[in-house]
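> Coordinates only, no sequence provided:
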């Protein structure tokens, strides 16, 4: 391995700390990030931050927020969980489940490097898991029981993650369209990756769940053959191939593909949506029947073994890196310590000293405060000893960068001035700074103020 490079200093971003950028695309950049909580709680997440030039498009941001609110409702083993939606300094982001593994594009490329397509049973297993996630999303209902009619619109190898433990996760419902929610995307805009669109998507006509079935067919075709299905010399030529559904049978590239499996692939890729599988679960069931009949039994354990064999070196490096991330402690700015006021050591008799002044956070007790002793004269004064102090600590400053981050505290020094008698206080006379009595300071040394961490997973 040659040793693991030290992790760079985390970059604060709202309630998260960005560790490293792991991907960047036309819409967003993705970071590994860590969130800290109370009592040593921590979580490794992926933060997807919208690029600045995209964030300027108000219509896109409106759609992004609305679709993220839908996606966060999805809770399925084959869909990466979204934890958070927020904005920091004008940058919108989502925080989602971190998957320790590779996407299907990386697996596809590795198979091509090895000179052999993905094993048939493995390709079927992966696509079946994608279909399970899609079927759940397609049939998701809101709290009133109404169908959301959610369509992913971007089922592609880059959006299917496979963990080193053999889990399959579909990601990025961020550009999905929920019919009936008033989220009308601009006519003619093609979302998703050109080579993984359906013919109706290319034409810009209304789409439904069968569009995702077509995209699943493309992914299955490529995994089985080791070849791209729709790729042209330009975006326009690629779109034309998709529009016309120019397909060679998959057995053209891989003679080991059985006839029954080829029939399933070509049905998923039918040009007419009416001739395709009408639901993702129908494609799933056909693949499942095939693997049982062919004796091609496959499981998560088998997939984990293949990942370990194929990406052994990368797994070691990634595991060591994740361990270094786990050893990162909460930065000083997230520690739970009260802000302690620094007081002057004004000279006065010990019997008349005021209690130490401690500035605590809102809603947080700084400990019991003893009541001051009665005035030395034995009379009840109508004018309490005045306390002259500098500007108090702001109970709550404006949050950094308008983010959801924990509160930021002002650590300006507070100085409490204590008068020997009410007359001096009323006259505003300066206090003698010399400590004639040798009394101890009224408060402990200051502790660096730290903001309280926000809980992870709360939706902004």
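Right, received. Where do you want to start? Predicted model, so just to flag it, every value in this text is computed and none were measured.

> Start and end of stretch 226-244, how far apart?
Using Cα to Cα, to the nearest Å, the end-to-end distance of stretch 226-244 comes out at 22 Å.

> State the mean pLDDT of the lengthiest helix in the chain.
Ranked by number of residues, the top helix in the chain under DSSP state H is helix 120-138. Mean pLDDT, computed over helix 120-138, is 98.

> Stretch 20-36 too?
For stretch 20-36, the per-residue pLDDT averages 88.

> just checking, next helix/strand downstream of the longest helix of the chain?
strand 150-151 (DSSP states H and E).

> Past that following strand, which element shows up next along the chain?
On the C-terminal side of strand 150-151, the nearest following helix or strand under DSSP H and E is strand 160-163.

> Counting neighbours, which bits of the helix or strand just after that following strand end up buried?
Downstream of strand 160-163, the next assigned helix or strand under DSSP H and E is strand 168-170. Under the neighbour-count criterion of 16 or more other Cβ atoms under 10 Å, strand 168-170 has 168, 169, 170 buried. Just so you know, the C-beta spots here come from the backbone N, C-alpha and C atoms, and that holds for glycine as well.

> Tell me which residues are up against strand 168-170.
Strand 168-170 has contacts (Cβ atoms under 8 Å, 6 or more residues apart in numbering) with 78-80, 97, 99, 126, 129-130, 133-134, 152, 155, 159-163, 303.

> Kindly recompute the last result at 7 Å.
78-80, 99, 126, 129-130, 133-134, 159-162 (Cβ atoms under 7 Å, 6 or more residues apart in numbering).

> Next: stretch 41-52.
Residues contacting stretch 41-52 (Cβ under 7 Å, 6+ apart): 13, 16, 18, 27-36, 64, 83, 91-96, 98, 325, 456.

> Among the residues you listed, which ones are in helices?
Per DSSP H, those map to helices at 64, 325.

> Buried ones from the contacts of stretch 41-52, can you make that a ChimeraX selection?
Entered in ChimeraX, the line below selects the buried ones among the contacts of stretch 41-52, by 16+ other Cβ under 10 Å:
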select :13,16,18,27,28,29,30,31,32,33,34,35,36,64,83,91,92,93,94,95,96,98,325,456
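
> so of the contacts of stretch 41-52, which ones are in strands?
13, 16, 18, 28-36, 83, 91-96 (DSSP state E).

> show me the contacts for the nearest residue to residue 211 once chain neighbours are set aside.
Leaving out its chain neighbours, the residue that sits closest to residue 211 by Cβ to Cβ, 6 or more residues apart in numbering is residue 198, at 4.1 Å. By Cβ under 7 Å, 6+ apart, the contact set of residue 198 is 207, 211, 214, 215.

> now residue 293: how far from residue 223?
20 Å (Cβ to Cβ, to the nearest Å).

> If you count surrounding residues, which of the two has more?
Higher neighbour count among residue 293 and residue 223: residue 223, with 24 against 10, using other Cβ atoms under 10 Å.

> My reading is that that one lies in a strand. Confirm?
No. According to DSSP: H, G, I helix; E, B strand; the rest coil, residue 223 belongs to no strand; its state is helix.

> Give me the pLDDT for it.
98.

> Please renumber the chain so that the first residue is 190 from this point on.
Okay, residue one is now 190; in that scheme the one you just asked about reads as residue 412.

> Low-confidence bits of this protein, can you list those?
190-197, 363-381, 519-649 (pLDDT under 70).
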